[in-house]
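# Got a predicted structure plus its sequence, pasted below:
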Amino acid sequence: MATVPSKASESWRPGVVDILSAVFVAIALGWSYAPSLASLASRWSRDPNYSFGFLVIPIALAIAWGRRDQLDRARLKPKWWGFLPLLALLGARVLLYEWNEQYLETATIPLVVAALLLALGGWQLVRVFLPAVVFLFFMLPLPPSINTILANPLQRLATIGSVAVLQVMGLPVLADGNVITVGAEPLEVAQACNGLSMLLSFVTLITAMVILIPRPLWERVVLLVSAIPIALVTNIIRIVVTAWCYHHFGHETGEKISHDAAGLAMPVIALVLAFAELWVLSWLMVEVEDQASPGARPRSSGRPHPEPN
């Protein structure tokens with residue numbers, strides 16, 4: 001007997017009213033936060049550590065679109081009291097603006113989006129689109145104090161790792177603080193990037209992959225945790241290539257050949273390492289799914305039983 005799919009399992013497709021409502025709310029939200037968004041865009045354009053910020057909103061929209069099939073229209077119940085946290089956030093935003101707390105004011109954007117979802121569709125809407133809302137926090141630059149706390153250890157680790165690799169390659173290399181001298185050419189690690197930009201952008205990218213790509217939970221956790229070492233290894237590769245070109249081609253030529261080109265290649269290298277990790281994880285752990293039909297006898301991993309006469 002054929003199984004009739006339930007309405008809850010059917011794919012939900014937005015109608016014209018849904019699309020127009022979403023566009024209207026997005027325009028109103030964008031108009032309200034226009035100064036904050038303009039400030040963010042200015043920071044993204046002038047600070048290479050946060051240039052990936054331009055991709056955060058499009059990726060969040062892609063995450064939301066990919067999860068639309070989980071919506072159950074019958075369970076969408078607007079909550080009038082959901083406007084209370086929305087009004088509280090908007091009131092707090094006014095105070096933050098008066099106190100010139102621009103960072104905290106901008107940080108209310110994802111919270112306001114979550115409050116809007118709660119008010120317009122209830123907990124069902126919040127549950128489905130929560131990953132996209134949380135992803136919006138990646139568009140916020142880190143406070144300067146946290147930037148400093150992260151940059152200094154990353155810079156030191158990049159120096160130590162690069163010197164070790166260069167010594168294994170047989171190049172004459174010395175390290176004085178964060179300055180690597182290869183032959184007669186000094187290379188400051190800060191010029192080759194301390195890795196903060198790669199770390200932030202790669203963690204953002206890996207988080208998007210974890211949300212968008214259907215993988216077992218444990219693989220997602222391992223991939224997310226490995227974002228930091230992969231970013232560090234990728235940055236060390238960049239410094240090593242730059243130092244090698246400095247030694248063989250001189251400062252000016254090495255800068256043109258390696259520093260800029262290696263900077264552009266870093267995201268590609270990091271992605272290759274991430275997909276290689278996924279391949280190794282899939283090769284090490286093979287999951288067996290039970291595909292038996294309701295009336296069939298489940299498969300056994302042991303010795304087969306004899307068939308009855």
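Okay, I see it.

# Spell out which helix or strand contains the closest residue to residue 115 other than its chain neighbours, please.
Counting by C-beta to C-beta, 6 or more residues apart in numbering, residue 86 is the residue found nearest to residue 115 once chain neighbours are left out, at 3.9 Å. For the C-beta atoms, the positions are set from N, CA and C on the backbone; glycine is no exception. Residue 86 is part of helix 83-98, with elements assigned from DSSP states H and E.

# ok, and what's touching that helix?
102, 104-105, 108, 111-112, 115-116, 118-119 (C-beta atoms under 8 Å, 6 or more residues apart in numbering).

# ok, now with 7 Å
The list of residues contacting helix 83-98 from outside it, by C-beta atoms under 7 Å, 6 or more residues apart in numbering, reads 104-105, 108, 111-112, 115-116, 119.

# swap in stretch 115-125?
Residues from elsewhere that reach stretch 115-125, judged by C-beta under 7 Å, 6+ apart: 25, 72, 75-79, 82-83, 85-86, 89, 126, 129.

# Tell me which two in those residues are the farthest apart.
72 and 89 (26.9 Å; C-beta to C-beta).

# Low-confidence stretches in the stretch 1-150 of the chain?
Applying pLDDT under 70 to the stretch 1-150 of the chain flags residues 1-15, 17-18.

# list the buried ones in the strand or helix carrying residue 154?
In this assignment (DSSP H and E), residue 154 forms part of helix 144-168. Within helix 144-168, the residues scored as buried using 16 or more other C-beta atoms under 10 Å are 147, 150-151, 154-155, 157-159, 161-163, 165-166.

# so what secondary structure elements neighbour it?
Helices and strands touching helix 144-168, as assessed by 3 or more C-beta pairs under 7 Å, 6 or more residues apart in numbering; DSSP states H and E, comprise strand 173-176, strand 179-182, helix 196-212, helix 227-249.

# Output the last one as CSV, nothing but the C-alphas.
Coordinates of each C-alpha in helix 227-249 appear next as CSV, following Å, rounded to 0.1, in the frame of the first residue of the first chain:
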residue,chain,number,x,y,z
ALA,A,227,39.2,25.5,11.6
ILE,A,228,41.9,27.1,13.9
PRO,A,229,44.8,24.7,13.1
ILE,A,230,43.9,24.7,9.3
ALA,A,231,44.0,28.5,9.3
LEU,A,232,47.3,28.5,11.2
VAL,A,233,48.8,25.9,8.7
THR,A,234,47.6,27.9,5.8
ASN,A,235,49.2,31.1,7.1
ILE,A,236,52.5,29.3,7.7
ILE,A,237,52.4,28.0,4.1
ARG,A,238,52.0,31.6,3.0
ILE,A,239,54.9,32.9,5.1
VAL,A,240,57.2,30.0,3.9
VAL,A,241,56.4,30.7,0.3
THR,A,242,57.0,34.4,0.8
ALA,A,243,60.3,33.8,2.6
TRP,A,244,61.5,31.4,-0.1
CYS,A,245,60.8,34.0,-2.8
TYR,A,246,62.5,36.7,-0.8
HIS,A,247,65.6,34.6,-0.6
HIS,A,248,65.8,33.5,-4.2
PHE,A,249,64.4,36.6,-6.0
